[in-house]
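Here's a sequence, model it:
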Amino acid sequence: MVTVKWYSKPCFKTSIFLGITYGLISLIRPTNGLIVIVFLLWNTDNLLLLKERFRFLLKHYVNLIAIFLLVCLIWLPQLCYWKYVTGNWWFYSYGNEGFFFSNPQILNVLFGFRKGWFIYTPLMFFACFGFVLLYKYYQKLFWNMFLFFLINIYFISSWYCWWYGGSFGQRPFIDSYPIMAFPLTALVSFVLQRKKIVKSILLSFAVLLIVFNLFQNKKYFNMAIHYDSMTRESFFITLFKIEPTEEYADKLQSPDYENARKGLPERKIKYKKEQFFIDVFKDKKNK
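From the prediction side, this is the model:
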């Protein structure tokens, strides 16, 4: 918790650690730079504290400059590489792929059967309820994390390929799990203070969700959950099955990458069943 140490005693040493940390976080995935929201609003829950935070940051502007310079230093090798390869200091490597901020696919990202976060990682659905408890008992931790949570969902949902290619579930949320650990902990703490019977039921349900998540991972490796072509029908056909079936393969639907790149509604593209069994064969052969 370098941020906690920095606010309790801002110094050059802590600023170096913060700069290196934020530099690496943003270099791995530039949109992860949104984490700066948590840093700037740490332990603030009203306008008075927000004004005090602004004055505090101005007072320690030298350390903020040090953090910024360290972030730039971490990015420098990448910038030099782009300059060497392309002739430009900044190079957008995604070509014609980008964001559509006017059309975020929030419902698909959270609840869609192709890659829905809450469908394939259901425990996170209940972790979100922890924000209510953060607001009730730990408001100074609530606002910065909840604001980051909302903006992060918006950015993730606005990417043209909101299902993020071939993967299990919504992989772009993995980077934000350290933040989600706070509302999840608040929820667990609340549950542990309930009566024994209530606590046992809720904890058993949480364990069941974790087991179901692991079961779905096994299904994914067996291709009973497809890496990018799942539908509601295919999901329920293999809901409790570990291996794919022909009926399941018949209900798959390929994503429309071409229209997605243009920000247009997806067309229904039938997944080629014969291609599916070729993929299954290749997958088993690789294993």
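
Strands of this protein, start to end?
If DSSP state E is used as the criterion, the strands of the chain fall at 253-254, 269-270.

Show me what the last one packs onto, helices and strands only.
For strand 269-270, the helices and strands in contact under the criterion 3 or more CB pairs under 8 Å, 6 or more residues apart in numbering; DSSP states H and E are strand 253-254. (Each C-beta comes from the backbone N, C-alpha and C, glycine too.)

Contacts for stretch 44-60 next, please.
The contact list for stretch 44-60 (CB atoms under 8 Å, 6 or more residues apart in numbering) reads Y7, P10, L40, L41, N43, L64, Q139, K140, F142, W143, N144.

Please repeat the previous calculation with a cut-off of 6 Å.
With CB atoms under 6 Å, 6 or more residues apart in numbering as the test, stretch 44-60 has contacts from P10, Q139, K140, W143.

Ranking by neighbours, what's the top pick from those?
W143 (21 neighbours; other CB atoms under 10 Å).

Spatially central residue for this protein, please.
Nearest residue to the geometric centre of the chain (CA atoms, centre = their mean): F173, 1.1 Å.

and it, how far is that from G116?
11 Å (CB to CB, to the nearest Å).

same deal with C161?
Counting by CB to CB - C161 and G116 are separated by 15 Å.

Then L76?
39 Å.

Looking at the two now, which is surrounded by more residues?
Using other CB under 10 Å as the criterion, L76 and G116 rank with G116 on top: 21 against 11.

Enumerate every residue touching the closest residue in space to that one that isn't next to it in sequence.
In this structure, G116 finds its nearest non-sequential neighbour in L110, 5.9 Å apart by CB to CB, 6 or more residues apart in numbering. Applying CB under 6 Å, 6+ apart to L110 gives the contacts G116, W117, F118.

if we can go back for a sec, now the residue nearest to the centre of the chain: how far from W162?
12 Å.

give me phi/psi at P244?
With angles defined as degrees, to the nearest 10, P244 sits at phi -70, psi 160.

Confirm for me that L123 is in contact with L209.
Yes. Look at L123 against L209 with CB atoms under 6 Å: they come within range, at 4.7 Å.

Just give the number of residues close to N213.
Neighbour tally, N213, other CB under 10 Å: 16.
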